[in-house]
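> Only the shape, not the letters, is given here:
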């Protein structure tokens with residue numbers, strides 16, 4: 001009998017929620033229309049797009065015009081960061097060293113343009129120190145950027161406190177909240193952020209849709225120029241079906257947040273207590289508060305790549321580091337920033353709303369022999 005596969009890579013992508021698919025189907029079947037067209041069909045598409053924008057705005061506690069659609073989370077992060085930096089007078093940016101590569105590579109580009117970049121390290125648990133953050137800000141700082149929750153180790157940063165520190169110096173604050181969409185509250189007033197990015201496929205929406213919250217009045221120079229869509233901030237024909245599906249998925253994810261978070265956190269804790277009980281020399285990467293569905297573990301003497309392959313043969317999907325970089329031989333810059341061990345040994349188990357206790361028990365059954373065999377090779 002074939003063993004049912006176990007998916008523990010929700011941090012890479014989540015299955016499309018049935019409500020999101022149902023919402024999208026009318027805009028995928030038959031003729032589809034351009035929301036910028038003036039005829040009746042175009043106006044219908046525009047109405048659907050704006051309704052989706054309004055629904056997301058209600059979840060975030062934002063204004064409709066503060067919600068912008070992009071072609072994915074990485075695009076939204078990159079275009080927002082670069083556009084906000086270029087719109088400011090200052091030439092200095094502060095960010096954490098454990099940001100997603102969409103942020104770090106955008107900072108590389110800005111560095112080439114003459115910006116000075118300060119990357120703040122984190123402590124061994126994976127947190128930015130607010131005092132060190134405050135000390136890094138300068139009169140010429142144009143922008144500060146710290147992610148809400150880390151996509152590899154799950155640590156949740158004190159975003160409201162950090163944003164408040166930045167605002168006390170008149171500095172705009174951007175946060176990558178992509179890993180948080182299914183697990184944490186997203187009310188922008190409580191977070192006090194000027195810009196926040198989400199990716200629909202991380203909370204049960206379609207792939208290829210990024211959402212940017214941009215506080216009204218926050219300067220951002222458009223990078224993609226063309227027809228002036230998205231209030232002039234991101235040109236290109238909008239994906240109406242994607243926007244509609246994203247709104248439906250976000251509403252479901254946030255409505256079920258407390259129930260899902262409590263259940264999945266219990267499963268994560270079962271995994272994290274069960275593995276060290278049967279396997280020696282295991283290290284947990286990242287402290288608490290941490291996302292309920294994410295567990296990053298290092299097994300001494302075992303590379304994450306080898307372990308991921310071994311687990312895949314057992315029908316278990318897990319990832320070494322971020323899915324955006326795991327296809328190449330690159331160790332985790334996030335685990336390296338902790339300074340507690342070999343980043344090549346860190347593997348990420350990410351649970352989701354559909355994860356069951358039986359699946360976690362199967363992983364606990366498989367892991368001892370898998371690690372033992374890999375340590376012998």
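Everything's here; your move. Quantities reported herein were computed from a predicted structural model and do not represent experimental measurements.

> pretty sure residue 163 contacts residue 173?
Yes. Counting by Cβ atoms under 8 Å, residue 163 touches residue 173, with 4.1 Å between them. (C-beta placed from N, C-alpha, C; glycine too.)

> Looking only at neighbour counts, state which of the two leads.
Comparing residue 163 with residue 173 by neighbour count (other Cβ atoms under 10 Å), the higher total belongs to residue 173, at 26 against 22.

> Provide the secondary structure category for the more buried one.
strand (DSSP: H, G, I helix; E, B strand; the rest coil).

> these two touch, right, it and residue 194?
Yes. Using Cβ under 8 Å, residue 173 is in contact with residue 194, at 5.3 Å.

> residues in contact with the closest residue to residue 153 other than its chain neighbours?
Leaving aside its sequence neighbours, residue 153 sits nearest to residue 286 (Cβ to Cβ, 6 or more residues apart in numbering; 3.2 Å). Contact analysis of residue 286 by Cβ atoms under 8 Å, 6 or more residues apart in numbering lists 125-126, 150, 153-155, 294, 296, 338.

> now swap in residue 197 and tell me
73, 76-77, 80, 174-178, 210-213.

> Tell me the strands beside the helix or strand it falls within, with direction?
Per DSSP states H and E, residue 197 falls inside strand 195-199. Applying DSSP bridges, strand 195-199 is found paired with strand 172-176 (parallel), strand 210-214 (antiparallel).

> Serialize the contacts of residue 197 to TSV and add fields for distance to residue 186 and neighbour count.
As requested, the contacts of residue 197 are arranged in TSV below (distance: Cβ to Cβ, whole Å; neighbours: other Cβ atoms under 10 Å):
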residue	distance to residue 186	neighbour count
73	14	29
76	14	28
77	16	30
80	16	32
174	15	28
175	10	27
176	13	30
177	7	26
178	11	28
210	14	27
211	10	29
212	13	25
213	8	27
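
> wait, which of the residues you listed is closest to residue 188?
residue 213 (5.6 Å; Cβ to Cβ).

> Identify the bridge partners of the closest residue in space to that closest one that isn't next to it in sequence.
Nearest-residue entry for residue 213: residue 196, 4.4 Å, with adjacent residues in sequence omitted and distances by Cβ to Cβ, 6+ apart. Taking DSSP bridges as the rule, residue 196 bridges to residue 175, residue 213.

> Run a quick neighbour tally on residue 196.
Residue 196, neighbours per other Cβ under 10 Å, totals 27.

> so what's it up against?
60, 148, 174-177, 186, 188, 212-213.

> okay, it: pLDDT?
As predicted, residue 196 sits at a pLDDT of 98.

> Relative to residue 77, how far out is it?
10 Å (Cβ to Cβ, to the nearest Å).

> shared neighbours of those two, which are they?
Residues touching both residue 196 and residue 77 (Cβ under 8 Å, 6+ apart) are residue 176.

> What values do phi and psi take at the residue nearest to residue 153?
phi 100, psi 130 (degrees, to the nearest 10).

> quick revisit: separation between the residue nearest to residue 213 and residue 186?
7 Å.

> on that earlier part again, closest one of the contacts of residue 197 to residue 51?
Looking across those and measuring by Cβ to Cβ, the closest to residue 51 is residue 211, at 14.6 Å.

> Give me the pLDDT value at the closest one.
pLDDT, read off for residue 211, is 98.

> How about residue 326?
For residue 326, pLDDT reads 44.

> I'd like the average pLDDT over stretch 179-190.
98.

> Provide the contact partners of it at residue level.
Residues contacting stretch 179-190 (Cβ under 8 Å, 6+ apart): 10-11, 14, 59-62, 66, 147-151, 154, 156, 160, 177, 196, 198-199, 202-204, 213, 215, 250, 253-254, 257, 260-261, 291-294, 352-353.

> Relative to the whole chain's centre, how far out is that stretch?
11 Å (Cα atoms, centre = their mean, to the nearest Å).

> Now do the domain split for this structure, please.
Using automatic domain parsing, the domain parsing of the chain gives 6-15+257-376, 18-255.

> if we can go back for a sec, switch the contacts of residue 286 over to JSON lines; also include distance to residue 376.
Listed next are the contacts of residue 286 as JSON lines, based on distance: Cβ to Cβ, whole Å:
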{"residue": "125", "distance to residue 376": "32"}
{"residue": "126", "distance to residue 376": "31"}
{"residue": "150", "distance to residue 376": "33"}
{"residue": "153", "distance to residue 376": "28"}
{"residue": "154", "distance to residue 376": "31"}
{"residue": "155", "distance to residue 376": "33"}
{"residue": "294", "distance to residue 376": "29"}
{"residue": "296", "distance to residue 376": "24"}
{"residue": "338", "distance to residue 376": "28"}
